[in-house]
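what follows is a protein structure lacking sequence information:
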């Protein structure tokens, strides 16, 4: 009886410890089925396919400061949950160095990621955490990758930053983008995402939303990465989004609502950058185009833009307690059917009228 009990306890203790650690350096193409730590750099770029494959759930792959290189991927995880990939450098020649498909509750952290285009790609993968990575390439969430967290990552450069496509309810917080060529944060058919406390410095574009609804952009800093100004957030065919308390400094166009319905810009600060030849013909602080319906502009401040501080081309736009100072033309220029909620202020603008179709003090 005592021997049987001892055997049961030993099995239980082994299960509590989780998968055993691999005792040897993995080889190219190997499927990892237990906790694994790299003992040296591993270069698999001369071989087809991924360098290593995750072959079981509930394991940790620790690069231990080493580098891993592959042709299509450095690490491929298809369908395994609760896996941690951490602490080293990953690169791939053709595809994303880290690729998750149909995988949930994974953690990808403390990696230096170098990809030809994409760095980390999640497809149909939910509730994963991507944190504290140094990314040369993009992080992509696609095909219904929902409820993930992307936090405290750094992009020093690259063609794209974070791209969300048909992926919703994700948290994008405390990331830093420095010198991304394309859009540092781009949403396409991506809904109800929380994008907050990010620092976005781009060479041209800012944060772009296309056919994306119900997203919150809160307390982000947006500005240029070089001496020429970038563009602030742009909403196109996107509805019910909130831009709240963002600081947009040094841009040639502060924020633009092209089309969509029921968007709100509340408490944002937009300050112009130096004009350049590629600037739009009407470089405004906040611009609401004619195709945008029922936009609310409340408590925003627009300063020093070459044209208008706030330019509203769409009727039924609501304006209340905005400030527009020291702009080249008008502080606020609105169409006749705009809704004046009162409390708007403008001073020091080039046009002595200060505001058109709303009352300004």
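Arrived safely. Computed from a prediction, not measured in an experiment: that's the story for all the values here. Residues are numbered from 1 along each chain as shown.

ok, residue 266 - contacts?
By CB atoms under 8 Å, 6 or more residues apart in numbering, residue 266 lies in contact with 242-245, 296, 298-300. Using the backbone N, CA and C atoms, a C-beta is placed for each residue, glycine as well.

and the two most separated of those?
Across the contacts of residue 266, the longest distance by CB to CB is 14.6 Å; it joins 245 and 296.

select only the buried ones of the contacts of residue 266 in ChimeraX?
ChimeraX command restricting the contacts of residue 266 to the buried ones, with burial defined by 16 or more other CB atoms under 10 Å:
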select :243,244,296,298,299,300
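
got CSV for the contacts of residue 266, with secondary structure and distance to residue 138 too?
As requested, those are arranged in CSV below (DSSP: H, G, I helix; E, B strand; the rest coil; distance: CB to CB, whole Å):
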residue, secondary structure, distance to residue 138
242, strand, 25
243, strand, 23
244, strand, 26
245, coil, 27
296, strand, 32
298, strand, 34
299, coil, 34
300, coil, 30
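
which of the contacts of residue 266 lies closest to residue 106?
Distance to residue 106 across the contacts of residue 266 (CB to CB) is lowest for residue 242, with 29.6 Å.

for that closest one, give its distance to residue 251.
In this view, residue 242 and residue 251 are 19 Å apart by CB to CB, to the nearest Å.

with residue 118 instead?
To residue 251, residue 118 is 27 Å away according to CB to CB.

again with residue 350
19 Å.

who's more crowded, the two?
Using other CB atoms under 10 Å as the criterion, residue 350 and residue 251 rank with residue 251 on top: 25 against 14.

make sure I have this right: the more buried one is in a strand.
Yes: under DSSP: H, G, I helix; E, B strand; the rest coil, residue 251 sits within a strand.

so who does it touch?
Taking CB under 8 Å, 6+ apart, we find residue 251 in contact with 206, 222-224, 229-232, 270, 272-273.

please list the members of those that lie in strands.
Among these, the residues falling in strands (DSSP state E) are 222-224, 230-231, 270, 272.

shouldn't residue 230 be in contact with residue 184?
No: applying CB atoms under 8 Å, one finds residue 230 not in contact with residue 184, separated by 9.1 Å.
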